[in-house]
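Peer 1: got a predicted structure plus its sequence, pasted below:
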Amino acid sequence: MKDKLITAIADMNEEEAMQLVRAMLEAGEDPQSILDAASEALTIVGKRFDEKEYYLPELIIAGDMMKAVGELVKPKLRAQARSTKTAGTVVIGTVAGDIHDIGKDVVTFMLDVNNFEVHDLGVDVPAATFVAKIQEIQPDIVGLSGFLTMAFDQMKRTVEAIKEAGLRGNVKIMIGGAIMDASAAEYVGADAYGADASAAVKLAQGWVAQVGPRSSALAR
Amino acid sequence: MTEKSPQELYDERLARVKAAASCQQPDRIPVFGPFQKYPYQFGGITFKQAMNDYAAARAACHKFLDYFQPDVDFGPIFAYPARAMESIGWKAFKWPGHGLDDDVMYQYVDGEYMTAEEYDEFIFDPSDFMLRKWAPRQFTSMQGFAQLPPWRRFMWTGWMNIGAFASPEMQETFRALTKFSADINEWWGHQAQYWGEIGAKGYPLAFAAWDWPPFDIIGDTLRGTRNVLADMRRRPGKLHDALEVATQIFIEYGSGAAGAPLPFTWTWVHKSTREFMSDAQFKEFYWPYLRKGLCALIDKGITPVVYWEADFESRLEHIADIPSGKIVYHLSNTNFERAWDVLGGQVCLMGNVPNIMLLGGTPDDVKAYCKRIIDYTKGKPGLIMDAAVMLDEAKPENLKAMFDFTREYGLRR
């Protein structure tokens, strides 16, 4: 049944997936193994997104299915769900003044299915909030998202605030958004831009491969 | 040589833009654009001031127009009326002083304003759905309309069932909408005054109507981005039926441009970019309805200007299937050379000068970029120079370089 569940989620069969989860719970299946199967399915969804077989609609539906599976399974979990995110830690958010979230959410999804621990600060995030979160969790990577051209200057201010707090050397910074490019990354003082969510994952993996995830991320 | 009269300049500018838009040879490449927040920055006021002080917005736009001299002008239309938005109680929007800082562009609050179960109601009678369900969800002032019975039941003795106008909610709706009407009419008065003023200076208006693709009418206005994208898989049949209805709304909306001196219907594309949907989904749900609507507008003598926001390189071959010499495609960060190879000479291309270059680059960078574009198009007309996306921030010397260089180097040679 576990394999069937993985296939149902990965192939976007929502009703079948939920029926399988209910049946597995009734049959006394370990709730954690159901969650693990759903995570495995999401990894396949992420791979299909990378390969341009899937697009945003499929990520949205996969995210909804994961949430629904969680709601069914979590009340039956005896212990806290295991977090096994070890690829690295990312703080992400849409910069102040900008309330667009879709691009950021796609990147969050893709980082998550690629085993990154992602702290999503939401939209319209002031520079000080980024700084405080970086101080708190000491991530490997900071992702700044922005859809409006106003985000150029706001990202620049955010990077400057990170620098002023003495944290710039501790993190790699990537930017993303429909109008972002390499010259925008240079303008705002980021390390790189990701043209899409797959590119963002590759950047993150590349950076962590250079230095390894920070020990603090592994300790949690 | 005597100086040209404003009327001569007006005629010259109009002819230039119309020629380029129809892929005929103009006297030179036109340069203008839907500059959004930038004119107010240039005019020394915040966007909050522009949205509240309509005379100050007009003054800033005049200052911008006199200095940069775009071939055709948008004026203060993008400085939406804050007071009217307050009095109508627009819940689906944030703007400076209303959830956002003073000098930030207003932004739409994406959300579900029609549930999946309500598709049939919308398809059956869109006006009724918009009045009684959608409007009260979007505007605090319109709660009274939720109490009305469907207007289609008004026939024969149906009028006997309409007693809702006496309710306190409806009375409040009328009070709020009376105030709103005064506020919005004041704003339109300033717009119309500006249009008269620039006509007298020799500048045509750059727009005659606005429009939104059928898919975005459903996605932006009703279902919300996440829902409409998921609906392509979850309820494709309902979505198709709703898109048929939305196509008729698209045609009705955009037809306002018919007969205008410059009959441009600006069509703002939001939800069909690369990551939002696959090519197969674009071909099934987006393009056929938009194309049908655009062709209907073209048949009415209107020139649609389709604002393809984001990267549309992967869609170029699909969107090439459109009548030749009848439409303008505004490109943001789609690869210009690729777009010209596919569309050049058939569709007028507009835009593409990177906003980050206008903000962070130098006048020489801007000139080099414009030169590259103009050189690439040599031999075939159908180019209008503009920023890649609606301009909010720039260094004035960079924007001036885009205008002056295009005027100089874009002469018919």
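Peer 2: Good, I have the coordinates.
Peer 1: what's the neighbour count on residue 35?
Peer 2: Picked chain A for this. 19 (other Cβ atoms under 10 Å in any protein chain shown). For glycine as for every other residue, the C-beta is placed from the backbone atoms N, C-alpha and C.
Peer 1: wrong chain, I was asking about chain B
Peer 2: 26.
Peer 1: who's in contact with it?
Peer 2: B:Phe64, B:Pro70, B:Phe74, B:Phe78, B:Ala387, B:Met390, B:Leu391 (Cβ atoms under 8 Å, 6 or more residues apart in numbering or on different chains).
Peer 1: and the last one, how many residues sit next to it?
Peer 2: The burial count assigned to B:Leu391 is 24, neighbours taken as other Cβ under 10 Å.
Peer 1: over to the fourth one?
Peer 2: Residues near B:Phe78, counting by other Cβ under 10 Å, number 22.
Peer 1: what residues does the stretch 151-300 of chain B have near chain A?
Peer 2: Within the stretch 151-300 of chain B, the positions adjacent to chain A are B:225-226, B:229-230, B:232-234, B:273-278, B:281 by Cβ under 8 Å from any Cβ of the partner chain.
Peer 1: can you lay out the residues you listed as JSON lines showing secondary structure?
Peer 2: Converted to JSON lines, these look like this (DSSP: H, G, I helix; E, B strand; the rest coil):
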{"residue": "B:Thr225", "secondary structure": "helix"}
{"residue": "B:Arg226", "secondary structure": "helix"}
{"residue": "B:Leu229", "secondary structure": "helix"}
{"residue": "B:Ala230", "secondary structure": "helix"}
{"residue": "B:Met232", "secondary structure": "helix"}
{"residue": "B:Arg233", "secondary structure": "helix"}
{"residue": "B:Arg234", "secondary structure": "helix"}
{"residue": "B:Thr273", "secondary structure": "coil"}
{"residue": "B:Arg274", "secondary structure": "coil"}
{"residue": "B:Glu275", "secondary structure": "coil"}
{"residue": "B:Phe276", "secondary structure": "coil"}
{"residue": "B:Met277", "secondary structure": "coil"}
{"residue": "B:Ser278", "secondary structure": "coil"}
{"residue": "B:Gln281", "secondary structure": "helix"}
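Peer 1: need the max-distance pair from these.
Peer 2: Across those, the longest distance by Cβ to Cβ is 21.8 Å; it joins B:Arg234 and B:Arg274.
Peer 1: what about the two, which has more around it?
Peer 2: Using other Cβ under 10 Å as the criterion, B:Arg234 and B:Arg274 rank with B:Arg274 on top: 21 against 17.
Peer 1: phi and psi next, for that one.
Peer 2: Per-residue torsions, B:Arg274: phi -40, psi -60 (degrees, to the nearest 10).
Peer 1: and B:Lys179, by the same measure?
Peer 2: Here B:Lys179 shows phi and psi, under degrees, to the nearest 10, equal to phi -60, psi -40.
Peer 1: domain parsing for chain A?
Peer 2: Each domain of chain A is listed here as a residue range: A:2-76, A:88-219, per automatic domain parsing.
Peer 1: which bits of the stretch 1-150 of chain B sit near chain A?
Peer 2: Residues of the stretch 1-150 of chain B lying near chain A by Cβ under 8 Å from any Cβ: B:Lys94, B:Leu100, B:Asp101, B:Val104, B:Met105, B:Gln107, B:Val109, B:Asp110.
Peer 1: just the buried ones from those residues?
Peer 2: Neighbour counting over the residues of the stretch 1-150 of chain B next to chain A (16 or more other Cβ atoms under 10 Å in any protein chain shown) leaves B:Lys94, B:Leu100, B:Val104, B:Met105, B:Gln107, B:Asp110 as the buried ones.
Peer 1: returning to what we had before: so which pair among the residues of the stretch 1-150 of chain B next to chain A is furthest apart in space?
Peer 2: B:Asp101 and B:Asp110 (19.9 Å).
Peer 1: ok, and the closest non-adjacent residue to B:Thr377?
Peer 2: Once flanking residues are discounted, B:Thr377 sits nearest to B:Leu383: 4.8 Å by Cβ to Cβ, 6 or more residues apart in numbering or on different chains.
Peer 1: can you count the residues close to that neighbour?
Peer 2: By the criterion of other Cβ under 10 Å, B:Leu383 has 27 neighbours.
Peer 1: may I have the residues that are in contact with residue 114?
Peer 2: Assuming you mean chain A. For A:Asn114, the contact set (Cβ under 8 Å, 6+ apart) comprises A:Thr43, A:Gly46, A:Ala87, A:Val201, A:Ala204, A:Gln205.
Peer 1: that was the other one, I meant chain B.
Peer 2: B:Phe122, B:Phe129, B:Lys133, B:Trp134, B:Leu222, B:Arg223.
Peer 1: please redo it, this time with the cut-off set to 10 Å
Peer 2: For B:Met114, the contact set (Cβ atoms under 10 Å, 6 or more residues apart in numbering or on different chains) comprises B:121-122, B:129-130, B:133-134, B:137, B:218, B:221-224, B:227-228, B:242.
Peer 1: cool, B:Phe122 as well?
Peer 2: Counted by Cβ under 10 Å, 6+ apart, B:Phe122 has contacts B:114, B:128-130, B:133-134, B:218, B:222-223, B:238, B:241-242, B:245-246.
Peer 1: so which of the residues you listed comes closest to chain A?
Peer 2: Comparing the contacts of B:Phe122 against chain A with Cβ to the nearest Cβ picks out B:Arg223 as the nearest, at 12.0 Å.
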